[in-house]
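**Student:** how does the following fold in three dimensions:
(one chain, ligands or ions: 1)
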Amino acid sequence: MATSKNSSNGRKNSGKDGSGATIWATDPGDLLLVGPTFDLSSLDRAATPGWTGDDDAADAFRLQRGELLSEMQERLFAQARAGGGTRSVLLVVQGLDTAGKGGIIRHVAGLMDPQGLALRSFGAPTAEELRHHYLWRVRRSLPTPGKVGIFDRSHYEDVLVVRVNHLADVDWDKRFDEINRFEKQVVDGGTVIVKVALMVSREEQGLRLMERLDRPDKNWKFNPGDVDTRSKWDDYQAAYQVMLVNTSTHYAPWHVIPADNKWYARVAVTELLAQALASLELTWPTVPWQVEDQKRRLAATMDPATLVKAAESAATEAEEVHEETAAHADDVREVNELAAVDANGGASPEVAWGDDVAQEDTVAATAEGDQPASGGQPAPAAEAQSGGKGKKKDRKKGKSGKK
Ligand code: ATP
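**Tutor:** Just a heads-up that it's a prediction; the model follows:
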C-alpha cells in the first residue's frame, strides 16, 4: 500500500487553492472508487467527498487545474506527433438524463485544446451500427495516440438501457467479461481509461427535468422519453449497481461521482483526469536533429540586428521556460501526491477487486467483425479465445491501471 504524504494537520499535503490552503482533504480517486462491496443505494448524491471548500473555491480550483491539464495534454499530443508516443487517455462519462454529462464535457474538456480532444457521443445505434457487434462503434471511436478521448455515454449503454428495456437476449455476465477484456486490450495498447458515473438523486433529477420544461431556453434539452426512463428509476439503479461492481477493474476502475452539486462533479472529474495525465509523467519530446546545427543554418538566413533581438528574447524565454517547467513539475507532484501513487506503482486504498481478466485473455481486434450490435451475443471468436467465458485470475489489491 502506498504511503500517503501527510502534512502537519493530518491532511494530505496536496490540492491547494491559490492561497496555499488545502482543499482536497482526501484523494477523490480513493473516495469515489468502486470496489466489490460498493453499494449504490447508500450513496449520498448530494455529498461532496473529500472537498473542504465551497462551490466558488471548486470553480477556481478547477480552472487552476485546467492550466495543468492543458499543458499535460499538449505534452501528450507533442509526444505522439514528434516523439513516437503511443499513449492516450479516454474519459468515459456515464449517467442518467440530467446527471450533468454535458456540463462535464463543457467544463472539464473545455479546459483543454480542442485539437487534442476526440469527443464521441453514443446515442441509439444507427442501422449500420446495429449490423455490427456492439463494440464495433466503440473500437472505431477510441482516441488515437496523443489524444484525450471523451465518451458521452459508451458501450455501457449496452448493459444499461439494453438491459432495462430488454432490447436483447444477453448473458450479462459474459458481456461484462467481454467488456473487461476489451478494456484490458485498450489499456495494454497505451490508453489510460478514466470511467466516471455521475449519480443524481431522484429528487434532483425531477427538479432538473421540470426546469427544462419551465424555461423556454431549456425546453430543447427535454425529451418526452426522459419521463419514461425516469419511471424505470429502480431498474436503472439496479442495472448500474451490477454493472459498476462487475466492470470496475484495477486497470479501468469506475469512479462514482455524487452529482447533485454540479460544481462538485466538475472539480472531482477534473482531478481524476489530472491524475490520469500526471501518471503518464509526460515530458516534451526530444527531436531527432541537433538544435545547434539548425540554429546555425537559420542564423545564416537572418540579418545581424534581428539576430541580436533573437538572442535577447531567447534569454528571457529560457528563464520563463525554466520557471514554467518547475511549476509544472510541482503541480504534477501535487496531483500524484494526492493520488498517493507510490514508487512501486501500487496505490492505496486496499481494494479487493471484483472479477478480473487474465492478461492473455484478450479479444482479437477482428473478433467482433460481423456480430450484431445490442442484440448480439459475444462474438464466437472472442468466446473461443476466452474458453467460452472470461478466465479469472486471483483478485488483485491495488488501485488502478494508471501507473
Ligand atoms: P443525452 O440524453 O445523452 O443528453 P440526447 O437526448 O441528445 O442525449 P442522443 O445522444 O441522441 O440523445 O441519444 C441518447 C440516447 O441513446 C439515450 O437514451 C441512450 O440510452 C440511448 N442509447 C445509447 N446507446 C444505446 C444502445 N446501445 N442501445 C439503445 N439505446 C442507446
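**Student:** now stretch 169-181: buried residues?
**Tutor:** For stretch 169-181, the neighbour count (16 or more other C-beta atoms under 10 Å) marks Val170, Lys174, Arg175, Phe176, Asp177, Glu178, Ile179, Asn180, Arg181 as buried. No exception for glycine: its C-beta is placed from N, CA and C like everyone else's.
**Student:** same thing with stretch 57-72?
**Tutor:** In stretch 57-72, counting by 16+ other C-beta under 10 Å, buried: Ala57, Ala58, Ala60, Phe61, Arg62, Gln64, Arg65, Gly66, Leu68, Leu69, Glu71, Met72.
**Student:** may I see the buried residues of stretch 322-340?
**Tutor:** Residues of stretch 322-340 classed as buried: His328, Asp331, Val332, Glu334, Val335, Asn336, Glu337, Leu338, Ala339, Ala340 (neighbour count, 16+ other C-beta under 10 Å).
**Student:** low-confidence ranges, this structure, go.
**Tutor:** Across the chain, the ranges flagged by pLDDT under 70 are 1-22, 340-403.
**Student:** for it, which residues are neighbours of the ligand?
**Tutor:** Taking C-beta under 6 Å from any ligand atom as the criterion, the chain approaches the ligand at residues 97, 101, 121-125, 153, 157-158, 161-162, 167, 223, 374.
**Student:** hmm, try it at 8 Å
**Tutor:** Residues of the chain found near the ligand (C-beta under 8 Å from any ligand atom) are 97, 101-102, 121-125, 134, 152-153, 155, 157-158, 160-162, 165, 167, 221, 223, 225-226, 229, 373-374.
**Student:** return the subset of those residues lying in strands.
**Tutor:** Members of these lying in strands (criterion: DSSP state E): Ser121, Asp152.
**Student:** where do the helices sit along the protein?
**Tutor:** Counting by DSSP state H, the chain has helices at residues 28-31, 55-82, 101-107, 127-130, 136-139, 161-164, 172-188, 202-214, 225-231, 233-247, 262-278, 291-299, 304-338, 380-385.
**Student:** got a markdown table for those helices, with distance to Leu91 too?
**Tutor:** A markdown table is the format used below for these (distance: least, C-beta to C-beta, whole Å):
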| stretch | distance to Leu91 |
| --- | --- |
| helix 28-31 | 14 |
| helix 55-82 | 11 |
| helix 101-107 | 8 |
| helix 127-130 | 22 |
| helix 136-139 | 14 |
| helix 161-164 | 20 |
| helix 172-188 | 13 |
| helix 202-214 | 22 |
| helix 225-231 | 23 |
| helix 233-247 | 16 |
| helix 262-278 | 6 |
| helix 291-299 | 35 |
| helix 304-338 | 16 |
| helix 380-385 | 25 |
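**Student:** tell me the most buried of those?
**Tutor:** Among those, helix 262-278 has the highest mean neighbour count (mean count of other C-beta atoms under 10 Å), at a mean of 25.
**Student:** compute the inter-axis angle for that helix and helix 55-82.
**Tutor:** Angle of helix 262-278 versus helix 55-82, following axes from the mean of the first three to the mean of the last three C-alpha atoms, to 10 degrees, is 30 degrees.
**Student:** show me how far helix 262-278 is from its chain's centre.
**Tutor:** Centroid separation for helix 262-278 versus its chain: 9 Å, with C-alpha atoms, centre = their mean, to the nearest Å.
**Student:** narrow the residues of the chain next to the ligand to those that are buried.
**Tutor:** Neighbour counting by 16+ other C-beta under 10 Å classes 97, 101, 122, 125, 134, 152-153, 155, 157-158, 160-162, 167, 221, 226, 229, 373-374 among these as buried.
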